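Participant: build the 3D model from these lines:
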Amino acid sequence: MDKYIRFDWAAKRMLRDKANFGVLEGLMTVLLEEEVKIVEILESEGNQNAEDDKFNRVDIKAKNSKGEIILVEVQQTRELYYIQRILYGVAKAITEHIKLGEKYSEVKKLYSINIVYFDLGKGADYLYHGQNQLIGVHTHDQLQINTRDKESIKVVAPKDIFPEYYIIRVNEFNKVARTPLEEWLEYLKSGEIKDDTTTPGLAEAKEKLKYLQMSDEERRAYDRHIDNIMIQNDILETKMIEGLEQGRIEGRAEGRAEGRAEGREEGRAEGRAEGLAEGRAEGRAEGRAEGRAEGCAEVARKLLAIGTDVSIVCQVTGLDEEEIRKL
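Facilitator: This is a model prediction of the structure:
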């Protein structure tokens, strides 16, 4: 089986080319269950090509044959307010494409397709769809988000105007691909395409997105992109595990302190216990702050050692350039 370029890279570098529209049209046709033809790729602030944007969103804003807008966004890293950002992006796209003085009847329907490679909320399905609620296409559960004629008057239902949202949770897909949508999920997750596929878009992808068809320079840049994603994911997973373990340790310590405090005598005995508890809390806070600073510095040194750009090191560790250059 041939090796193919990952979809996030192709979306950033290749799929805005009219010659490659068939790939995107195939994904949208399978997802929306109707034939989609892209008329043009619209300008978007998210269409970044800078190296330090590799871990952020890769979005494509297109217009179909009906004049409707379709946003396609690929997100690699966790983002706490991702749902709010989706809504902002949709609202911004709508206002960008209605001119001052035009009637509100010119507002077009918009589709927001979001492909995320991280755990977004709690749910049992790998595909959620909705307008005001995101419902599992297969399991029918609701995705829980962590935080939060001419001249005649036509009656239009809200669903004909309000945006529709799709959340494709790539990491949750773990099935044998039998349907066209499942074949797309398999490609999004593993980069694999069946030799005999007839799924819209994937047949085009087999011809347009072969790894070995890239130039040597493009392959090197692509390989660095994959390596950086793996490094970033390892760092984030390590930080999460360390944070959970530290939280459990602190929770047990605080629980013991509370238990002892309940058994203290009143008056001066209680005062002494409270003073000790405050001192321990301050000591723990200082220790945690120092530990986090040392951990971030160590991560920065490792990233610098493998030639990672300083701006990326800043993004991953939270340190500023001056702090990093002192390491």
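Participant: for stretch 232-252, what is the average pLDDT?
Facilitator: Across stretch 232-252, the average pLDDT comes to 73.
Participant: name the residues of it that come out as buried.
Facilitator: Across stretch 232-252, burial judged by 16 or more other Cβ atoms under 10 Å covers 232, 239. Quick note: C-beta positions are derived from backbone N, CA and C, even for glycine.
Participant: point out where this structure drops to low pLDDT.
Facilitator: Low-confidence segments of the chain (pLDDT under 70): 1, 43-58, 100, 146-162, 236, 240, 243-244, 247, 251, 255-291.
Participant: ranges for the helices of it?
Facilitator: 7-13, 21-32, 82-96, 180-190, 202-208, 216-262, 268-305, 310-317, 321-325 (DSSP state H).
Participant: could I get the third one in CSV with only the CA atoms?
Facilitator: Listed next in CSV are the C-alpha coordinates belonging to helix 82-96 (Å, rounded to 0.1, in the frame of the first residue of the first chain):
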residue,chain,number,x,y,z
TYR,A,82,-12.3,25.5,21.0
ILE,A,83,-16.1,25.5,20.7
GLN,A,84,-16.2,29.3,21.3
ARG,A,85,-13.5,29.8,18.7
ILE,A,86,-15.6,27.7,16.2
LEU,A,87,-18.6,30.0,16.8
TYR,A,88,-16.4,33.1,16.4
GLY,A,89,-15.0,31.8,13.2
VAL,A,90,-18.5,31.1,11.8
ALA,A,91,-19.8,34.5,12.8
LYS,A,92,-16.7,36.2,11.3
ALA,A,93,-17.1,34.3,8.0
ILE,A,94,-20.7,35.3,7.7
THR,A,95,-20.1,39.0,8.3
GLU,A,96,-17.1,39.0,6.0
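Participant: which other residues reach that helix?
Facilitator: Outside helix 82-96, the residues within contact range by Cβ atoms under 8 Å, 6 or more residues apart in numbering are 44, 46, 59, 61, 69, 71, 73, 75, 79, 107-108, 110, 112, 114, 116, 120, 145, 148, 163, 165.
Participant: excluding its backbone neighbours, what's nearest the residue positioned nearest the centre of the chain?
Facilitator: For the chain, the residue nearest the mean C-alpha position is Q75 (2.6 Å; Cα atoms, centre = their mean). Excluding the flanking residues, the one nearest Q75 by Cβ to Cβ, 6 or more residues apart in numbering is V116, at 4.8 Å.
Participant: residues touching the one you found, list them.
Facilitator: Counting by Cβ under 8 Å, 6+ apart, V116 makes contact with 74-75, 82, 167-170.
Participant: farthest-apart pair in these, please.
Facilitator: The span of those, defined through Cβ to Cβ, is set by Y82 and V170 at 14.2 Å.
Participant: ok, now which ones touch the closest residue to Y111 other than its chain neighbours?
Facilitator: Leaving aside its sequence neighbours, Y111 sits nearest to I70 (Cβ to Cβ, 6+ apart; 4.6 Å). Residues near I70 by Cβ under 8 Å, 6+ apart: 28, 36, 38, 61-64, 110-111, 113.
Participant: show me the beta-bridge partners of I70.
Facilitator: Note on I70: beta-bridge partners by DSSP bridges are A62, Y111.
Participant: picking that back up, the residue nearest to the centre of the chain against I167, yeah?
Facilitator: No. In this structure, Q75 is not within contact of I167 by Cβ atoms under 8 Å, at 10.2 Å.
Participant: thank you kindly, that will do.
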